[in-house]
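Novice: Sequence first, then the predicted structure, then my questions.
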Amino acid sequence: YTLQDESNILYHEANALYWVKALLHMTYQFVDHAIKTAKEPLPFEIPHLHFVDGGLLFAYLDMPLATLQRAGQPVKLSRTVNVAYLVEELIPVSVDDNFKKYIHNGDATP
């Protein structure tokens, strides 16, 4: 992909992550309220899922505006985006943790 295409794709993915985290939060608020107002306790446990935090990272590169440097005059630099990344939260997991990754980018099966 070109940098412009890749940046556009990553922007859409980061935007989707932002909205899905908000919707998940609202869902758990609704579920928690329903559990508190229920007349009987639930006969099962509701798992508490978590979307990773993420964001866009742009790496900049200083590029000279002029290709030739005249004697005694500094070359003017221009900052330009060189590459774009979608960065995600690192989830620290030890051997004793009860952690299960349900879905990841490589395979949709748990």
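Specialist: Here it is on my side, so go on. From a predicted model like this one, the values you see are computed outputs, not experimental measurements.

Novice: How about H48, nearest residue that isn't a chain neighbour?
Specialist: In space, and not counting its chain neighbours, H48 is closest to Y28: 7.3 Å by C-beta to C-beta, 6 or more residues apart in numbering. C-betas here are computed from N, CA, C, even on glycine.

Novice: Can you give me the distance of the most centrally placed residue in the chain to H25?
Specialist: The structure's the chain has its C-alpha centroid closest to G54; by C-alpha atoms, centre = their mean the separation is 2.1 Å. Counting by C-beta to C-beta, to the nearest Å, the separation of G54 from H25 is 15 Å.

Novice: One more: A34?
Specialist: Between A34 and H25 the computed distance is 15 Å (C-beta to C-beta).

Novice: Repeat that for D5.
Specialist: D5 sits 31 Å away from H25, going by C-beta to C-beta.

Novice: and what of L90?
Specialist: Note on L90: its distance to H25, by C-beta to C-beta, is 21 Å.

Novice: These two: which has the busier surroundings?
Specialist: Of the pair L90 and H25, H25 is the one with more neighbours under other C-beta atoms under 10 Å, namely 11 against 8.

Novice: Three-state assignment for that one, please.
Specialist: Going by DSSP: H, G, I helix; E, B strand; the rest coil, the secondary structure assigned to H25 is helix.

Novice: how close does it sit to E6?
Specialist: As defined by C-beta to C-beta, H25 lies at a distance of 29 Å from E6.

Novice: tell me the mean pLDDT for the strand or helix carrying the residue nearest to H48?
Specialist: Using DSSP states H and E, the secondary-structure element containing Y28 is helix 3-37. Model confidence over helix 3-37, given as mean pLDDT, is 94.

Novice: what distance separates that helix from the centre of its chain?
Specialist: Averaging C-alpha positions (C-alpha atoms, centre = their mean, to the nearest Å) puts helix 3-37 10 Å from its chain's average.
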